[in-house]
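**Student:** show me how the following folds:
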Amino acid sequence: MRHVPLFRWIATAGFALFACSVWLYATEPDLPAARQIDLAVIDEKADGTCRVRWSDPYQKKTREGPYHCDPGRASSLKAPDYPDSRGYGWETAFMFTEGPDRGDLEDPEADRHSAEDTLLLLGVLLILTGLVGGNLRALPRVLGVEARLVRRAIRLAEAAGWVSEDYVRAVDAVRDAERRGELGAAPDPGPVRALWVLREAGPQAYEAAATARDLAERLHPLLEEAAPAAGLRNRLQAGPAARADAEAAVAELRRLLADAERQGLRERFAQTSVDLLRGQDADRAALAAGADFERDPEAYRRLLEDLAPLEPAARPEPRPRRRRRRR
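**Tutor:** Coordinates of the predicted model:
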């Protein structure tokens, strides 16, 4: 089950409303021109409701009408403190200077952008909800990212796969060479060189390969389940069930890595692979193998007998990359 980006859609809707409000503001016709004039406040209530008088230059007369004064202005501008011989207060307003309403006062309480303001407010609220809610929803998923641990497990699985693959290759080389010749008094250099590689690696090579094979078989399914924890993007895209499986897999990977580190498995695997790759230098390996065979040919025959009844080890999946040989 994939996670549904609910808050992403909420934020998208908010941006759409925000864009609509901007468009309405841009396409709305300009307000009529106005200029500021002085008013004589004849009567005023505590809430700002007042009756004012002003001079209308267009009708060439003094006009009187209701207005909403600023109740918070200084008391020295209100009657009776304002120094007016008639006992009036003082206020300012904007008077229209063009259009059919010229000479009228602009109502400061008029809501000229109700639709635009509503869309703008809703858009901002939805955007904030989408951003905050999306981040809060993503927080527990982000906290579950264990990219470093998953990378360590991948490197350990690769090392295990490599040593298992190298051991299978070395044993196969012995068996292929053994079919071409016996270990007689003058044996074929091929089987001798292949056996020399296994002798140099020692009995611990078989143990390391077996341990590596078992460990790789345990790591690979865990790494598949832990995939959502390998990166932030995978974690965010995974569903609740996949995240729960990833958390359980990460816990098991952490335990396996701790055991592997305590036993020094990565170092053992690396050293075993180096020992098993000594036969790649055919000329040098042939000289060393020939000399060693002359010293103890019976040891080579016993090793060949020990390998003959063994079942071929399970072949690991081919690796896309191959690390460099350590010198």
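
**Student:** give me the low-pLDDT residue ranges for the stretch 151-300 of the chain?
**Tutor:** Applying pLDDT under 70 to the stretch 151-300 of the chain flags the ranges 177-191, 231-232, 234-237, 278-290, 294.

**Student:** ranges for the helices of the stretch 51-200 of the chain?
**Tutor:** Assigned by DSSP state H, counting those that start in this stretch, the stretch 51-200 of the chain shows helices spanning 114-143, 147-180, 189-201.

**Student:** let's have those helices in CSV, adding mean neighbour count and distance to Ser55.
**Tutor:** (C-beta placed from N, C-alpha, C; glycine too.) Shown next, in CSV, are the helices of the stretch 51-200 of the chain (neighbours: other C-beta atoms under 10 Å; distance: least, C-beta to C-beta, whole Å):
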stretch, mean neighbour count, distance to Ser55
helix 114-143, 15, 32
helix 147-180, 19, 76
helix 189-201, 22, 110
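
**Student:** now the ones you listed as JSON lines including distance to Thr97?
**Tutor:** Output for the helices of the stretch 51-200 of the chain, formatted as JSON lines (distance: least, C-beta to C-beta, whole Å):
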{"stretch": "helix 114-143", "distance to Thr97": "24"}
{"stretch": "helix 147-180", "distance to Thr97": "67"}
{"stretch": "helix 189-201", "distance to Thr97": "101"}
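
**Student:** out of the ones you listed, nearest to Glu217?
**Tutor:** helix 147-180 (9.0 Å; C-beta to C-beta).

**Student:** which neighbouring elements make contact with the closest one?
**Tutor:** If you count contacts as 3 or more C-beta pairs under 8 Å, 6 or more residues apart in numbering; DSSP states H and E, helix 147-180 packs onto helix 189-201, helix 203-225, helix 240-263, helix 265-276, helix 297-307.

**Student:** Ala115: which of these is closest?
**Tutor:** helix 240-263 (41.0 Å).

**Student:** domains in the chain, as residue ranges please.
**Tutor:** 6-28+113-140, 34-96, 144-307 (automatic domain parsing).

**Student:** wait, what's in contact with Glu225?
**Tutor:** Residues near Glu225 by C-beta atoms under 8 Å, 6 or more residues apart in numbering: Asp245, Ala246, Ala248, Ala249.

**Student:** separation between the closest residue to the first one other than its chain neighbours and Ala34?
**Tutor:** The spatially closest residue to Asp245, leaving aside those adjacent along the chain, is Glu225, at 4.8 Å (C-beta to C-beta, 6 or more residues apart in numbering). Using C-beta to C-beta, to the nearest Å, one obtains 70 Å as the distance from Glu225 to Ala34.

**Student:** could you list which residues are in contact with the closest residue to Arg266 other than its chain neighbours?
**Tutor:** Of all residues not flanking Arg266 in the chain, Ala159 sits nearest, at 5.4 Å (C-beta to C-beta, 6+ apart). By C-beta under 8 Å, 6+ apart, the contact set of Ala159 is Ala212, Leu265, Arg266, Phe269, Ala270, Ser273.

**Student:** cool, Asp107 as well?
**Tutor:** Neighbouring residues of Asp107 by C-beta under 8 Å, 6+ apart: His68.
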